[in-house]
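Q: fold the following for me, if possible:
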Amino acid sequence: MHYMAIVTSLVSFFRSLGGILALTIMSSVVNNKLASAFPSTSSNGSQLSSLDSIKSLPPAVLTAVQNAFADAVRWAYIAILPFACVSALTTVFLREVKVEKTPAEQAEHNERQAKTDAELGKIQHTNEDGNAESVAQRPAHKPRIKIWGPISAIIWCCQAFGDKMGWRK
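A: Residues are numbered from 1 along each chain as shown. I've put the predicted structure just below:
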């Protein structure tokens, strides 16, 4: 757990680095495709400098410019596609790293689990081996569902409110 800050900063760094590299590659491809589509930049350069100047072009030229930009953007995404495929393939081979808990964290987790078990209508019982296990007892109310997502959290809150008001028996 003491590496959490380092790992988080590395993830942010590499995400930013990937975005910068992708943006650089894609903008280079777009600029090169547009330069090849409009070789005489001295006459068209001033006309293609802003969106307002592009909108004021004659319809035939406007269509040619729009097609050139569409083709340039398409090739920019094609240029970045190999990097995306390699990234997707390498994620398949990543393995899960289990984060071990310290004894103090494990004791705190066991305490929270015992509290949760009591809320769900279970009690802690020690078996012959000395291990604690949950044994179901007759709950005072229907057990609440465990929280897995936002919808479940809303349902859990409604159930908790119903228990507090005495509506769930």
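Q: neighbours around I25, how many?
A: 14 (other CB atoms under 10 Å). C-beta here means a position set from N, CA and C on the backbone, and glycine is covered the same way.
Q: how is the chain carved up into domains?
A: 4-92, 102-138, 141-169 (automatic domain parsing).
Q: for those domains, give me a markdown table that also has mean pLDDT.
A: Compiled in a markdown table, the domains of the chain are given as follows (pLDDT from 0 to 100):
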| stretch | mean pLDDT |
| --- | --- |
| domain 4-92 | 86 |
| domain 102-138 | 67 |
| domain 141-169 | 68 |
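Q: can you give me the helices in this protein?
A: Along the chain, counting by DSSP state H, helices occupy 4-37, 41-44, 51-55, 59-92, 103-119, 150-165.
Q: buried set for the last one?
A: Residues 159, 163 are the ones in helix 150-165 that count as buried (16 or more other CB atoms under 10 Å).
Q: thought W75 was touching S27?
A: No - applying CB atoms under 8 Å as the test, W75 and S27 come out as separate, 12.0 Å apart.
Q: of those two, who's got more company?
A: For W75 versus S27, the count of surrounding residues by other CB under 10 Å is larger for W75: 15 against 11.
Q: contacting residues for the more buried one?
A: Neighbouring residues of W75 by CB atoms under 8 Å, 6 or more residues apart in numbering: 29-30, 33.
Q: try it again at 6 Å.
A: Neighbour list for W75: 29, 33 [criterion: CB atoms under 6 Å, 6 or more residues apart in numbering].
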